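K.L.:
have a look at this prediction, sequence included:
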Amino acid sequence: MLSCNTLKKLMIPAVLMAAVLQSACGPGDPNSLTLEGVAPLTGSIYGNTMLTLTGVNFAAGMVINVGPNNCTPVTVVSDTQATCRTVAHAAGPVDVVVMSRDSTVVSSLPDAFTYGCVAPMGITGLQIWANDGSDKVTQDEQRAFCDPVAQKNSVWDGTTIKLFGAKNEVVAFNLVLEAIKAAAPNVSVSFDTLNGPGGSVIRSVPANPTGIFDWTNRNIELFYVRYLQINGLSTSGYGSIDERQVPKRLQRPWTGDGLANGGWLDRPDHNKFYPDIAVPLELEPTFNIAAGQNQSIWTDIFIPKNSAPGIYTGNVTVSQNGTTVTTVPVQLTVRGFALPDVPSSKTMVYLGYADLSERYYGQRYVDNDPVKGPGLDLIRDRHFQMAHRHKIAMIDENDPWEASEYGIDAPRAVWLPRLNGSLFTAAKGYDGPGIGTGNGIYTVGTYGIWTWSHTDEQEMWDHTNAWESWFIANSPSTTRYMFLEDEPPASDYAQIQQWNKWIHENPGPGSTIRTFVATSLLDANSSLNGLASVGSTIGQGDTATWQTALDSWKAKGKTFMMYNGKRPASGTFATEAEGLDLREIPWGQFKKGVDRWFFWESTYYNDYQYGRSENNLFHDAQTFGTNDYDDSSLGRTGSNYMNGNGVLFYPGTDTVHQADSYGVEGPIASIRLKLWRRGIQDVDYLTLAMAKSPARTKAIIDALVPKVLWENGVNEINDPSFVKAPLGWSANPDDWEAARAQLADIIEGL
């Protein structure tokens with residue numbers, strides 16, 4: 001009798017092959033894995049076509065290739081059916097292949113799927129559609145033209161933008177305008193009113209360029225999206241051991257264990273332009289779209305606390321040369337509850353001084369300048385306000401050259417409105433989430449830059465007593481940390497323990513200040529147990545080891561923060577990562593009991609660490625690491641090469657690269673900042689839902705993010721430096737919106 005492997009090689013029809021293998025190998029034998037059919041037969045060259053495969057003996061872990069690229073995520077519906085979504089590929093027919101988990105069994109259908117543009121011929125002009133922004137649309141894509149049906153999603157039904165949200169929440173959509181056969185000059189977009197039940201209205205009064213930092217009467221904001229070319233992979237955001245951990249549209253073809261082949265040019269999105277810079281539309285009121293390209297317009301809608309629940313409607317108007325081309329209906333359903341002013345997902349993001357000063361004023365330090373000094377204070381305050389609108393808490397360096405009006409052992413006077421919440425009021429031009437609530441956190445001596453000796457116990461007592469006395473008198477509810485050192489070598493541990501001992505033995509009020517070091521939780525738990533808080537990085541880790549360390553740490557009443565982000569443990573801040581990465585981070589934070597998420601820098605404009613000097617932020621995606629050579633697999637790369645690392649705000653004025661300066665005194669947000677806010681608001685939903693139904697809420701979390709942080713484990717306990725595993729969260733934006741809707745139902749008792 002012929003072996004199963006020999007039978008597999010016979011040139012007989014797939015249906016007959018299935019029957020032969022079932023008979024010869026048995027229904028449970030993996031050698032009987034067989035592909036019988038693929039539907040639909042055609043799809044867009046830009047990917048995102050949902051395929052349904054039928055066959056025999058499909059099983060968890062199977063791999064599906066459509067042409068040379070992997071079709072993911074694979075969902076095995078049954079032993080005879082599986083689904084996946086295609087990625088971009090050139091036009092033409094391709095083979096569809098299924099493989100067993102270990103790639104030893106392969107079944108294929110030649111030319112079973114054809115990439116192309118499936119829209120009717122003759123379409124011209126602007127084609128318009130929308131999504132929630134987490135599916136990043138590169139500038140070259142013509143998705144709606146090529147396959148309008150495939151672009152339907154939780155936000156876009158083909159004709160109408162449909163959203164829902166709670167009161168005191170910011171919801172968003174991304175409008176995509178595609179110029180098909182010819183360039184589209186002098187395009188403008190307007191949208192400022194949503195009419196709701198009983199005369200309730202959500203609206204914005206149009207602002208001029210100088211009014212973009214006054215958010216009162218501006219509940220609807222529109223942004224012109226600018227793009228950055230991805231010339232290489234952010235190797236600090238994910239490794240190269242397992243291709244499944246690379247952003248999907250930049251993955252090379254891989255087998256079941258993530259082992260890849262091919263080069264940089266085999267990555268579908270190599271050298272493409274990714275959206276990231278959200279320029280207020282007031283600064284780009286009309287724009288041109290080149291033929292064969294698209295332009296995204298991002299929209300934020302803040303739902304005030306006094307909004308009546310119900311359905312609100314309005315229209316986005318798209319014009320060319322001042323004449324309306326089309327209107328797109330918008331429908332917003334306001335749910336009957338409000339999100340809290342103070343976010344449940346706590347954050348801590350660093351804001352620079354010298355880099356801002358260089359970009360806005362052309363010199364690194366302006367504190368003693370009677371005009372530029374107060375001007376920079378205003379600019380930094382606007383960063384705090386913009387961060388607050390995104391539910392982000394900021395810290396800064398408390399630099400020695402920034403002498404405090406209260407003395408050396410207190411924040412500068414500009415900090416008090418940030419801490420007591422008066423900066424976030426209408427009197428200061430603020431409206432949005434968290435009106436009147438303070439920043440909530442402050443760090444003394446950020447990154448270990450203190451203003452006193454590091455070697456004298458009495459001096460430590462004197463200074464920490466003064467700091468604590470100031471907070472007790474002026475802002476007692478603010479969480480404050482003494483930032484002892486950043487990523488210390490083991491040789492510094494004894495000194496850090498000594499500092500801790502001095503602080504805790506202080507007979508004065510300084511003994512209550514919480515000490516903080518950015519270092520591994522495992523190191524802190526074993527060698528720095530005097531700390532009150534730690535900010536830890538992780539890309540992977542042994543599940544039991546990390547969970548035991550965390551349980552031990554928190555049992556002592558200590559605070560645990562995560563620091564930055566790296567796949568597969570968590571999402572990453574890389575520009576080319578899927579938008580769901582930053583939405584996932586707060587979910588993982590909530591699931592694993594992380595007290596606060598710390599991102600190291602938001603205005604890292606001068607890459608002094610790698611000698612690259614002042615980054616050209618509006619043109620170069622790379623912000624961190626060296627840029628030494630072209631790698632056959634990674635593209636342009638070097639040591640710690642990273643796109644977007646340390647940059648969440650772009651400068652509104654740029655004296656260094658003046659051609660791209662908008663000349664406004666305040667920040668321009670990144671799309672990544674907005675995507676992080678989406679996840680932070682999701683955690684507000686989780687917190688409210690958990691209070692109503694812990695079991696239902698936990699089931700939603702486990703389904704959407706089954707494995708995060710150290711839950712992936714490692715391959716070798718004796719070498720916990722790597723893990724071969726796919727990402728542990730859903731890659732489908734619609735799944736996340738469906739989960740948010742389920743949480744809203746729980747909150748409302750439905």
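P.N.:
Looks like it came in fine.
K.L.:
C-alpha only now, for contacts and for neighbours.
P.N.:
Will do.
K.L.:
buried set for the longest helix anywhere in the chain?
P.N.:
In the chain, with assignment by DSSP state H, the single longest helix is helix 671-692. In terms of neighbour count (16 or more other C-alpha atoms under 10 Å), helix 671-692 has its buried residues at 671-690, 692.
K.L.:
got the contact list for it?
P.N.:
133-134, 169, 171, 275-278, 339-340, 343-345, 390-392, 573, 575, 579-580, 582-587, 590, 648, 697-698, 740, 743-744, 746-747, 749 (C-alpha atoms under 8 Å, 6 or more residues apart in numbering).
K.L.:
how about 6 Å then?
P.N.:
276, 344-345, 390, 582-583, 586, 648, 697, 743, 746-747 (C-alpha atoms under 6 Å, 6 or more residues apart in numbering).
K.L.:
and the pLDDT at the nearest residue in space to residue 641 that is not next to it in sequence?
P.N.:
The spatially closest residue to residue 641, leaving aside those adjacent along the chain, is residue 625, at 4.4 Å (C-alpha to C-alpha, 6 or more residues apart in numbering). As predicted, residue 625 sits at a pLDDT of 96.
K.L.:
likewise residue 29?
P.N.:
pLDDT, read off for residue 29, is 50.
K.L.:
helix, strand, or coil at the residue sitting nearest the centre point of the chain?
P.N.:
Closest to where the C-alpha atoms of the chain average out (C-alpha atoms, centre = their mean) is residue 582, at 2.2 Å. Classification of residue 582 by DSSP: H, G, I helix; E, B strand; the rest coil places it in helix.
K.L.:
excluding chain neighbours, what is closest to it?
P.N.:
residue 676 (4.7 Å).
K.L.:
roughly how far does that neighbour sit from residue 432?
P.N.:
Counting by C-alpha to C-alpha, to the nearest Å, the separation of residue 676 from residue 432 is 16 Å.
K.L.:
what's the answer for residue 537, then?
P.N.:
From residue 537 to residue 432 the distance is 31 Å (C-alpha to C-alpha).
K.L.:
between those two, which one's more packed in?
P.N.:
residue 432 (28 against 20; other C-alpha atoms under 10 Å).
K.L.:
assign the more buried one to helix, strand or coil.
P.N.:
Assignment for residue 432 (three-state DSSP): coil.
K.L.:
repeat for residue 325
P.N.:
Applying three-state DSSP: residue 325 is strand.
K.L.:
mind checking the SS state of the closest residue to it other than its chain neighbours?
P.N.:
Spatial nearest neighbour of residue 325, excluding adjacent residues (C-alpha to C-alpha, 6+ apart): residue 319 at 4.9 Å. Classification of residue 319 using three-state DSSP returns strand.
K.L.:
pretty sure residue 319 sits against residue 186.
P.N.:
No - under the criterion of C-alpha atoms under 6 Å, residue 319 makes no contact with residue 186, lying 8.1 Å away.
K.L.:
so between those two, which is more surrounded?
P.N.:
residue 319 (17 against 14).
K.L.:
got the contact list for that one?
P.N.:
187-188, 325.
K.L.:
below-threshold pLDDT in the stretch 101-250 of the chain: ranges please.
P.N.:
Along the stretch 101-250 of the chain, segments meeting pLDDT under 70 span 119-124.
K.L.:
so which residues of it form helices?
P.N.:
143-146 (DSSP state H, counting those that start in this stretch).
K.L.:
how far away is the residue lying closest to residue 580 once chain neighbours are set aside from residue 125?
P.N.:
With sequence-adjacent residues excluded and distances taken as C-alpha to C-alpha, 6+ apart, residue 580 is closest to residue 134, at 5.6 Å. Distance, residue 134 to residue 125, using C-alpha to C-alpha: 26 Å.
K.L.:
the more surrounded of those two?
P.N.:
Taking other C-alpha under 10 Å, residue 134 and residue 125 do not tie; residue 134 has more neighbours (24 against 16).
K.L.:
hmm, that one is touching residue 579, no?
P.N.:
Yes - with contact defined as C-alpha under 6 Å, residue 134 counts as touching residue 579 (3.9 Å).
K.L.:
so what pLDDT did the spatially closest residue to residue 161 that is not a sequence neighbour get?
P.N.:
In this structure, residue 161 finds its nearest non-sequential neighbour in residue 330, 4.7 Å apart by C-alpha to C-alpha, 6+ apart. Residue-level confidence at residue 330 comes out at 98, pLDDT.
K.L.:
repeat for residue 1
P.N.:
Reported pLDDT for residue 1: 39.
K.L.:
got it, and the one 4 residues further on?
P.N.:
Among the per-residue scores, residue 5 holds a pLDDT of 43.
K.L.:
what of the one 3 residues further on?
P.N.:
Looking at residue 8, its pLDDT is 41.
K.L.:
how close does the closest residue to residue 354 other than its chain neighbours get to residue 745?
P.N.:
Among residues not flanking residue 354 along the chain, residue 364 sits closest, at 4.5 Å (C-alpha to C-alpha, 6+ apart). Going from residue 364 to residue 745 by C-alpha to C-alpha gives 51 Å.
K.L.:
what do you get for residue 127?
P.N.:
35 Å.
K.L.:
compare those two (neighbour count), which wins?
P.N.:
Between residue 127 and residue 745, counting by other C-alpha under 10 Å, residue 127 is the more crowded of the two (18 against 13).
K.L.:
how about the more buried one, what does it touch?
P.N.:
With C-alpha under 6 Å, 6+ apart, residue 127 has these contacts: 177-178.
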